[in-house]
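A.B. asks: can you look at this prediction? I've put the sequence above it.
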Amino acid sequence: MKKLIATLFTIALIASVYVDLTSGTLPAATAPIGKHPEQKKETSSPATPHFKATVKPGQTLLSIVEEYGAGNPGVPISKLITDFETLNPGSTPESLQAGKTYLFPSYSN
């Protein structure tokens with residue numbers, strides 16, 4: 001009985017590996033590896049006053065805006081976050097990556 005169960009298990013395992021290697025179980029990728037789909041680039045400049053800066057390790061949205069002197073104590077952080085997301089579609093303050101360049105809102109007078 002043990003030999004029968006071991007044989008059936010082995011056949012099922014081999015069949016499973018064969019199906020995974022030939023047809024696979026994951027959906028095909030939509031774009032080839034290494035190529036990124038082209039994104040639409042805006043030709044018009046955003047209405048919010050802004051500046052461009054490259055993020056250094058350890059920096060946050062707030063620290064960058066304060067470092068460049070573009071911060072205003074009267075501006076709520078929620079507005080700062082909303083304006084940042086408007087200037088950088090698809091990016092959030094939590095997803096800032098060191099070495100990348102972003103647009104940051106400027107509230108200086």
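C.D. replies: Received it, and whenever you're ready, just let me know what you need. Numbers count the residues shown, from 1 in each chain.
A.B. asks: which residues does stretch 75-95 contact?
C.D. replies: For stretch 75-95, contacts defined as C-beta atoms under 8 Å, 6 or more residues apart in numbering pick out 46, 48, 50, 60, 61, 62, 65, 102, 103, 104, 105, 107. Any C-beta I mention is one placed from the backbone N, CA and C, and that applies to glycine too.
A.B. asks: hmm, 6 Å instead?
C.D. replies: Among residues not part of stretch 75-95, those counted as contacts by C-beta atoms under 6 Å, 6 or more residues apart in numbering are 46, 48, 50, 61, 102, 103, 105, 107.
A.B. asks: next: stretch 7-17.
C.D. replies: Contact partners of stretch 7-17, identified using C-beta under 6 Å, 6+ apart, are not found; the set is empty.
A.B. asks: again, but for stretch 51-62
C.D. replies: 64, 84, 93, 96, 98, 100, 101, 103, 104, 106.
A.B. asks: off-centre distance for it?
C.D. replies: Its chain's C-alpha centre and that of stretch 51-62 lie 16 Å apart, by C-alpha atoms, centre = their mean, to the nearest Å.
A.B. asks: in that stretch, which residues are buried?
C.D. replies: Within stretch 51-62, the residues that count as buried by 16 or more other C-beta atoms under 10 Å are 51, 53, 55, 61.
A.B. asks: by mean pLDDT, point me to the weakest helix or strand of this structure.
C.D. replies: Averaged element by element with mean pLDDT, DSSP states H and E, the chain has its least confident helix or strand at helix 61-67 (a mean of 87).
A.B. asks: tell me the helix or strand right after that helix.
C.D. replies: Toward the C-terminus, helix 61-67 is succeeded by helix 77-87 as the next helix or strand (DSSP states H and E).
A.B. asks: for that next one, the averaged confidence score.
C.D. replies: In this model, helix 77-87 has an average pLDDT of 90.
A.B. asks: re the thing from before, can you list the buried residues in the least confident helix or strand of the chain?
C.D. replies: If you call a residue buried by 16+ other C-beta under 10 Å, then helix 61-67 has these buried ones: 61, 64, 65.
A.B. asks: in JSON lines, list those residues along with distance to residue 24.
C.D. replies: Formatted as JSON lines, the entries for the buried residues of helix 61-67 read as follows, by distance: C-beta to C-beta, whole Å:
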{"residue": "61", "distance to residue 24": "41"}
{"residue": "64", "distance to residue 24": "44"}
{"residue": "65", "distance to residue 24": "47"}
